[in-house]
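Chemist: I need the structure of the sequence given here:
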Amino acid sequence: MNVTIRQERVSDYDEIRVLVRKSFENAEFTDGDEHHLVDRLRSSDAYIPELALVAENEEQLVGFILCTKITIENGENRYESLALAPVAVDPSFQNLGIGGKLINGMHELAKKLGFGSIILLGHAEYYPRFGYRPTYTFDIHLPFEVPKENSMAIELSDGALKGIQGTVRYPEAFGI
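Modeler: Just a heads-up that it's a prediction; the model follows:
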């Protein structure tokens, strides 16, 4: 298998929509709307085209990852960060390291673009292997109730979240 990671193209949108829907069909925690979320995020001010990546194997899209702008707010203070959502891998290509390749590629690219951190809501057993820690360890909170072990953050550069605390503010496209 020869998987390559590249930026999404407009011509990929329909295939990405199918891929995302299919990859979340049997997910433990899903609202079944992830493929529409991607469309809404692309139409928002939070969208960063360089941070919408696909994994391709022999010209077939087998994975997708997206990071969009968010802020962490505490009173008058606002700090820029990214939200990672979604990470999708075609079910027939899961457990082959494609998700990890997308996540690591996203980390490198986001750091090159000057972003210091990423926040996500995800599986507590999966994301820590990539350096994610519970957001409560940074005194950062989501604007809704979730199990505390599923709300996670990573510092893309040492100390990027030092002294930053508050509540994550998602773009309206998230519907939160």
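Chemist: Only C-alpha atoms from now on, for both contacts and neighbour counts.
Modeler: Fine.
Chemist: Check which helices and strands the least confident helix or strand in the chain by mean pLDDT is in contact with.
Modeler: When each helix and strand of the chain is scored by mean pLDDT, DSSP states H and E, helix 34-42 comes last, with a mean of 90. Contacts defined by 3 or more Cα pairs under 8 Å, 6 or more residues apart in numbering; DSSP states H and E place helix 34-42 against helix 13-24.
Chemist: picking up where we left off before, list of residues touching the least confident helix or strand of the chain?
Modeler: Ile16, Arg17, Val18, Val20, Arg21, Phe24, Tyr47, Leu66, Thr68, Pro86, Ala173, Phe174 (Cα atoms under 8 Å, 6 or more residues apart in numbering).
Chemist: CA atoms only: put the top helix by length along the chain into CSV for me.
Modeler: In the chain, with assignment by DSSP state H, the single longest helix is helix 98-112. C-alpha atoms of helix 98-112 as CSV (Å, rounded to 0.1, in the frame of the first residue of the first chain):
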residue,chain,number,x,y,z
ILE,A,98,-3.7,5.9,7.7
GLY,A,99,-5.4,7.9,10.5
GLY,A,100,-2.0,8.3,12.2
LYS,A,101,-0.4,9.4,9.0
LEU,A,102,-3.1,12.0,8.5
ILE,A,103,-2.8,13.3,12.1
ASN,A,104,1.0,13.5,12.1
GLY,A,105,0.9,15.2,8.7
MET,A,106,-1.7,17.7,10.0
HIS,A,107,0.5,18.4,13.1
GLU,A,108,3.5,19.3,10.9
LEU,A,109,1.5,21.4,8.5
ALA,A,110,-0.4,23.3,11.2
LYS,A,111,2.9,24.1,13.0
LYS,A,112,4.4,25.3,9.8
